[in-house]
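> okay, sequence plus prediction incoming.
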Amino acid sequence: MTEQKTATLPDGRALDTSALTARVRRREVTAFSRRFTAQHPDLKGPAFETVRRVMVRIGAVAVLIGALALGFGMLGEIASSDDDKAEQLMGMGLMMGLFVIAGGIFLWVSVRNGRRRSTPKRHYRLAGFAADNRLAYLPGPAFGGYLEPWASRGRLIVSRVMRAPSADGAVEFGNYELSYATTSNGQSQFGGYCALRLDRTLPNIVLRARRHRNPLTEAGLPARAQHLSLEGDFDRHFTLYCPKGYERDALYLFTPDIMARLIDRAGAFDVEIVDDWVFISQAKDVVTLDPSRWQQVLAATGAVRGKIAQWERWKDDRLPADEAAAAASTPEIRVLEEVAAPGRRLRAGSGMMWALLGVAVVIIGVMQLFRLF
């Protein structure tokens, strides 16, 4: 197949996607499933996954019943001759709008969960793909505590993890769900990621792609005051966030040549540097049965990996001399002292939740006004 020659893995070999689309026999899938289930008894994932699926179904049914009841009420009100019919219909219309929004969210979550749910055939294809490309396949879902910078933000669940050996460190591909633990961001963020480990810690810098943004996954945005405008037309493609005082460092790490490369190869992916990790992510799943997705992911990964050697030469001039000496004397330990405290973390913004709550408050307030008058 042509896809096999258009992308390379981190170790330089050509990508082989034939297992993702090849015809399979039911007998082979059944035999594979028995062995695979025995090797991975936790395929169903944590108990809360099942509870959440049940709650989504209950919520969807409740919204449907409520919308139907409200619809019949509106028909009755239209047929009535009450003096306040217009006001009542307006209030009911606003309530129906809330039902439509809630129904859309439940539908989106249901479709998303359905696409992420693995079947024996999907596992068979992905395991074959991993074997063909010398990757380690961990189906999950499982807690992603080892991805420390992301896991510290809330409950991180990873699934369909593929690990690739590389001359400059392991590269990991997977799908994730991150439920933020902060009170200002009680949202969940879904998507796929590629994680690369560095040999030193760097300041927390986020490069967010402007294409294919999904408002339902816009949790955990950095505060707008940390936005750094880029030269040329790069701002049309990406939004860059860096800690205050680290603007020059951000421009050193994201030079015009890597920005151009990211636009060409990774224009729809976000890039985050945090501690000694680089995360390349997107609101869409990364590990799928679609060969074209693997082309995109590997292109984005290659664009970033080409700059890692330069990034690892960066040093923080803000460190006191004693801390810098301590960091240099323990190269086998990744210590946060390689970056001064102000540069280690971006400040989080308020996210989309406050905006959604504000809309709900406005709608309820309008309904109350109609009742008064």
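On my side now, so go ahead.

> next one: phi and psi at residue 290?
With angles defined as degrees, to the nearest 10, residue 290 sits at phi -90, psi 110.

> wouldn't it be in contact with residue 20 here?
Yes: applying C-beta atoms under 8 Å, one finds residue 290 in contact with residue 20, separated by 7.4 Å. All C-beta spots, glycine's among them, are computed from the backbone N, C-alpha and C.

> more neighbours, those two?
residue 20 (20 against 14; other C-beta atoms under 10 Å).

> residue boundaries of the strands in the stretch 101-250 of the chain?
136-138, 142-143, 154-164, 171-180, 188-209, 227-228, 238-241 (DSSP state E, counting those that start in this stretch).

> pLDDT of the second one, averaged?
Pointing back at strand 142-143 there. For strand 142-143, mean pLDDT is 88.

> likewise the longest one?
For strand 188-209, mean pLDDT is 89.

> can you show me the CA trace of that strand as PDB?
Only the C-alpha atoms of strand 188-209 are listed here, as PDB (Å, rounded to 0.1, in the frame of the first residue of the first chain):
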ATOM      1  CA  SER A 188     -13.000  16.800  30.700                       C
ATOM      2  CA  GLN A 189     -10.700  17.100  27.700                       C
ATOM      3  CA  PHE A 190     -10.500  14.300  25.100                       C
ATOM      4  CA  GLY A 191      -8.000  13.600  22.400                       C
ATOM      5  CA  GLY A 192      -4.900  11.900  21.200                       C
ATOM      6  CA  TYR A 193      -1.300  12.500  22.100                       C
ATOM      7  CA  CYS A 194       2.300  11.800  21.400                       C
ATOM      8  CA  ALA A 195       4.700  12.100  24.400                       C
ATOM      9  CA  LEU A 196       8.400  12.500  24.100                       C
ATOM     10  CA  ARG A 197      10.800  12.600  27.000                       C
ATOM     11  CA  LEU A 198      13.700  15.100  27.200                       C
ATOM     12  CA  ASP A 199      17.000  14.900  28.900                       C
ATOM     13  CA  ARG A 200      16.400  18.200  30.800                       C
ATOM     14  CA  THR A 201      13.500  20.300  32.100                       C
ATOM     15  CA  LEU A 202      12.300  23.300  30.100                       C
ATOM     16  CA  PRO A 203       9.900  26.200  30.900                       C
ATOM     17  CA  ASN A 204       6.200  25.500  30.400                       C
ATOM     18  CA  ILE A 205       5.300  26.700  26.900                       C
ATOM     19  CA  VAL A 206       2.100  25.900  25.000                       C
ATOM     20  CA  LEU A 207       1.600  26.200  21.300                       C
ATOM     21  CA  ARG A 208      -2.100  25.800  20.400                       C
ATOM     22  CA  ALA A 209      -3.200  25.300  16.800                       C
END
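
> now that strand, how far from the chain's geometric center?
Chain-centre distance of strand 188-209: 10 Å, with C-alpha atoms, centre = their mean, to the nearest Å.

> elements contacting that strand?
Using 3 or more C-beta pairs under 8 Å, 6 or more residues apart in numbering; DSSP states H and E, the elements in contact with strand 188-209 are strand 171-180, strand 238-241, helix 247-253, strand 270-282, helix 291-305, helix 308-311.

> which residue of the chain sits farthest from its center?
The C-alpha centroid of the chain is most remote from residue 81, which lies 52.2 Å away (C-alpha atoms, centre = their mean).

> distance of it relative to residue 95?
Here the criterion is C-beta to C-beta, to the nearest Å. By it, residue 81 lies 22 Å from residue 95.
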